[in-house]
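>>> structural data only, the sequence is not supplied:
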């Protein structure tokens, strides 16, 4: 009977040589079966609680990573915007220079 209780509670125990699990359950009686079910439920609850804790920790890590990624994307977007504006200014300056050269003017420094 203790073997069955240990199995239900999730602990390793040596297998009984001549007694099967079914006969152990039958020998427990109603109160014993209820106790075994309670132990089983508690074990499953601990496993589920650990799963939830692990999932929560993973979500928190993912949230931090997402915040970092969002900041990097925002910074890159701002940098691309500044670069684009600089390129527009260079293009306009080159157009002005080309216009002055076509009109025969000396470019001003």
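Done, it's in. For clarity, every value in this text was computed on a predicted model and none was experimentally measured.
>>> so what's residue 27 scoring on pLDDT?
The predicted structure scores residue 27 at 73 on the pLDDT scale.
>>> and residue 6, by the same measure?
60.
>>> quick one: list the elements packing against the helix or strand residue 96 falls within.
Counting by DSSP states H and E, the element that carries residue 96 is helix 21-102. Helix 21-102 is packed against helix 2-8, with contacts defined by 3 or more Cβ pairs under 8 Å, 6 or more residues apart in numbering; DSSP states H and E. All C-beta spots, glycine's among them, are computed from the backbone N, C-alpha and C.
>>> neighbours of residue 24, how many?
Using other Cβ atoms under 10 Å as the criterion, residue 24 is surrounded by 18 other residues.
>>> next one: it from residue 66, what distance?
Spatial separation of residue 24 from residue 66 under the definition Cβ to Cβ, to the nearest Å is 51 Å.
>>> same question for residue 60.
Here the criterion is Cβ to Cβ. By it, residue 60 lies 11 Å from residue 66.
>>> please apply the same query to residue 20.
53 Å.
>>> one more: residue 98?
Between residue 98 and residue 66 the distance is 47 Å, computed by Cβ to Cβ.
>>> ok, residue 55 next?
Between residue 55 and residue 66 the computed distance is 16 Å (Cβ to Cβ).
>>> most distant residue from the centre of this protein?
The centre of the chain is farthest from one residue, residue 104, which by Cα atoms, centre = their mean lies 65.6 Å away.
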